[in-house]
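Asks: Just to be clear, the model below is a prediction. Sequence and coordinates:
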Amino acid sequence: MPHKKNILPYLILVFLIGLIGITNPPIEIHNWRQAFTNTVARNFLEIDANIFYPRINTTGLRPDIIASEFPIFNYLIYFLSSVFGQEHWYGRLINWIFSCLGVWFFYKIIARVWNEKLAFCAGIILLSSLWFTYSRKVMPDTFSLSLMLGGLFFALKYLDRGKLTHLLLFVIFAGLGGLSKIPSTVLMSLLFFAFISSEFKFKRRFNLAASSALVIATIGTWYFVWNPHLEEVYQNRLYFPRGLVEGAKEILALLPQTLKQFYFYGLHSYIAFAFFILGLVGMIKYKKFLLSGVFLLGTLLFLMFISKTGDVFSLHTYYMLPYVPIMALMAAFGIVSFIPRKWAYLILAFVFIEGFANQQHELRLRTQDFHLVELEEKIINANIPADQKIATSGGLNPMLMYFAHRRGWSLSEKEISNPQYLQQIKKEGCQYLLIYMKDFQEQLDLKIIHKDDHYTLYKL
């Protein structure tokens, strides 16, 4: 493989392929998280645009402000909605653009720190990994990681050139990346070794260290000062962190699912995972100090992160994303260390084909679920006043309330089956109960206003 190989043409091609279905509504897997993201964005548009107070729709009579990640992703959706009118898919396009930029940043970082051959392999592997699945969803995960990679790119630019503009861009990109999703700070492990390298002037390393401290302090303020304040005042939160020991026990109790996150879901390719293992072997065999340091520190930070999430990590693939760039780097090192140059392209082609084949379904939606998009206009607006609060099925999943475009209560099966609880929320002002048949199949002893193959709308 030539030492110089530009990933840009391949990245542009994948970007164009990824535009297939980009205007699809967020009704596929993880629709609950996409509905949450869009709900916060729409509330910025319809209620209050204060970015420090994200709002949801499923708190009943309680205040609707929630402790969550810093909603810069939601705010970009709000901005497009304020200019072009509200649509369900803006977040897909925003995320896809930033996520492709993130792959470009990833490629440029590795090319600068190591070489372009390794960078090209790592970038192609990242493109066909789990990264692809979540780059096109209305979720802030790859968006956040891409911002962090942008921050690292500008950090290296600053170390090389000493321009304060690059240092400022590092603070902005890395800060917003960590604020958007705190696990993206795992990628900051790369900077530790830049700090101790004598290749760069001491003053620049000191300034970058100080700026990194500012970034970490800003992220910490949002998650460990402001979020606890919001939770205390408004009693709503998105995260339920575990203690390190408690979380580790939950993960070990689901060991098969946990291991599958690493050997399959991360890279979505058994071939790539095999080269990830070979990369670890090569790292030790060839005594690659810098690569070992990045891998070990990044892995340690990631293990601490997943211990705080507990069994949620084992059951939700997108929690693997912060570690995927590290896995892609190690798999690429396995290829360049053990595969002759003339065969490396073929191996990469197999990795990409396998990864993409395992995710090609992400380019399309099941048409039988498109009725959700018509829910508000055909059922809700036809039967319920715009200012009336309602209850929906779904429990913690806000999808039904989002597509109904109302506010109120999202009930679990236990709550729906409890007549006393239904009477309680009726006294609090709820007059209607919308049931999605996928959530709850039993018929209630209540007046039916509307019923079809998908929904039952009751009058309380």
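Replies: Good, I have the coordinates.
Asks: Let me see the mean pLDDT of stretch 241-255.
Replies: The average pLDDT within stretch 241-255 is 91.
Asks: Check stretch 169-184 too.
Replies: Along stretch 169-184, the predicted confidence averages to a pLDDT of 98.
Asks: mind checking how far it is from the chain centre?
Replies: The chain centroid and the centroid of stretch 169-184 are separated by 13 Å under CA atoms, centre = their mean, to the nearest Å.
Asks: which residues sit against stretch 199-211?
Replies: Taking CB atoms under 8 Å, 6 or more residues apart in numbering as the criterion, the residues outside stretch 199-211 that touch it are 155, 158, 159, 160, 162, 167, 170, 171, 191, 194, 195, 197. C-beta here means a position set from N, CA and C on the backbone, and glycine is covered the same way.
Asks: From the contact counts, what lies against the helix or strand hosting the second one?
Replies: Think residue 158. Secondary structure assignment for residue 158, by DSSP states H and E: helix 141-161. Contact partners of helix 141-161 among helices and strands, from 3 or more CB pairs under 8 Å, 6 or more residues apart in numbering; DSSP states H and E: helix 90-113, helix 130-135, helix 164-180, helix 189-196, helix 202-221.
Asks: what's the spacing between that helix and its chain's center?
Replies: 17 Å.
Asks: how far off helix 189-196 does it point, in degrees?
Replies: Here helix 141-161 points in a direction 10 degrees away from that of helix 189-196 (axes from the mean of the first three to the mean of the last three CA atoms, to 10 degrees).
Asks: Start at 890, not 1
Replies: Got it, the first residue is 890 from now on, which makes the last one we talked about helix 1030-1050.
Asks: among the helices and strands packed on helix 1030-1050, which is the most enclosed?
Replies: Between the helices and strands packed on helix 1030-1050, helix 1019-1024 has the highest mean count of neighbours, a mean of 26, where neighbours are mean count of other CB atoms under 10 Å.
Asks: coming back round to it: lowest average pLDDT across the helices and strands packed on helix 1030-1050?
Replies: When mean pLDDT is averaged over each of the helices and strands packed on helix 1030-1050, helix 1078-1085 scores lowest at a mean of 81.
Asks: Pull that one out as PDB, backbone CA atoms only.
Replies: Coordinates of each C-alpha in helix 1078-1085 appear next as PDB, following Å, rounded to 0.1, in the frame of the first residue of the first chain:
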ATOM      1  CA  SER A1078      -6.300  10.400  26.100                       C
ATOM      2  CA  LEU A1079      -4.300  11.200  23.000                       C
ATOM      3  CA  LEU A1080      -3.400  14.700  24.400                       C
ATOM      4  CA  PHE A1081      -1.600  13.300  27.400                       C
ATOM      5  CA  PHE A1082       1.200  12.100  25.300                       C
ATOM      6  CA  ALA A1083       1.400  15.400  23.400                       C
ATOM      7  CA  PHE A1084       2.000  17.100  26.700                       C
ATOM      8  CA  ILE A1085       5.000  14.900  27.600                       C
END
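Asks: got the contact list for it?
Replies: 998, 1002, 1041, 1044-1045, 1048, 1089, 1094, 1097-1098, 1101, 1179, 1182-1183, 1186-1187, 1190.
Asks: Could you point out which residue ranges in the stretch 1240-1349 of the chain have low pLDDT?
Replies: Within the stretch 1240-1349 of the chain, the segments meeting pLDDT under 70 span 1256.
Asks: can you give me the strands in it?
Replies: Under the criterion DSSP state E, counting those that start in this stretch, the stretch 1240-1349 of the chain contains strands at 1279-1282, 1297-1300, 1321-1325, 1336-1340, 1344-1348.
Asks: out of those, nearest to residue 1195?
Replies: Nearest to residue 1195, of all the strands of the stretch 1240-1349 of the chain, is strand 1297-1300, at 27.6 Å by CB to CB.
Asks: List the contacts of residue 1157.
Replies: Contact partners of residue 1157, counting by CB under 8 Å, 6+ apart, are 1017, 1018, 1019, 1021, 1022, 1243, 1244, 1247, 1248.
Asks: I'd guessed the last one sits against residue 1021; true?
Replies: I take that to be residue 1248. Yes - counting by CB atoms under 8 Å, residue 1248 touches residue 1021, with 5.4 Å between them.
Asks: Tell me the buried residues in the helix or strand harbouring residue 1201?
Replies: Applying DSSP H and E as the criterion places residue 1201 in helix 1200-1204. For helix 1200-1204, burial by neighbour count (16 or more other CB atoms under 10 Å) applies to 1200, 1201, 1202, 1203.
Asks: could I get these as a markdown table with distance to residue 1156 and pLDDT?
Replies: Formatted as a markdown table, the buried residues of helix 1200-1204 follow (distance: CB to CB, whole Å; pLDDT from 0 to 100):
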| residue | distance to residue 1156 | pLDDT |
| --- | --- | --- |
| 1200 | 22 | 92 |
| 1201 | 21 | 91 |
| 1202 | 17 | 92 |
| 1203 | 17 | 93 |
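Asks: what's the closest of those to residue 1295?
Replies: Compare each of these with residue 1295 using CB to CB and the shortest gap goes to residue 1201, at 28.2 Å.
Asks: Stretch 1040-1058: how far from the chain's middle?
Replies: 26 Å.
Asks: Quote the end-to-end distance of that stretch.
Replies: With CA to CA, to the nearest Å as the measure, stretch 1040-1058 spans 7 Å from end to end.
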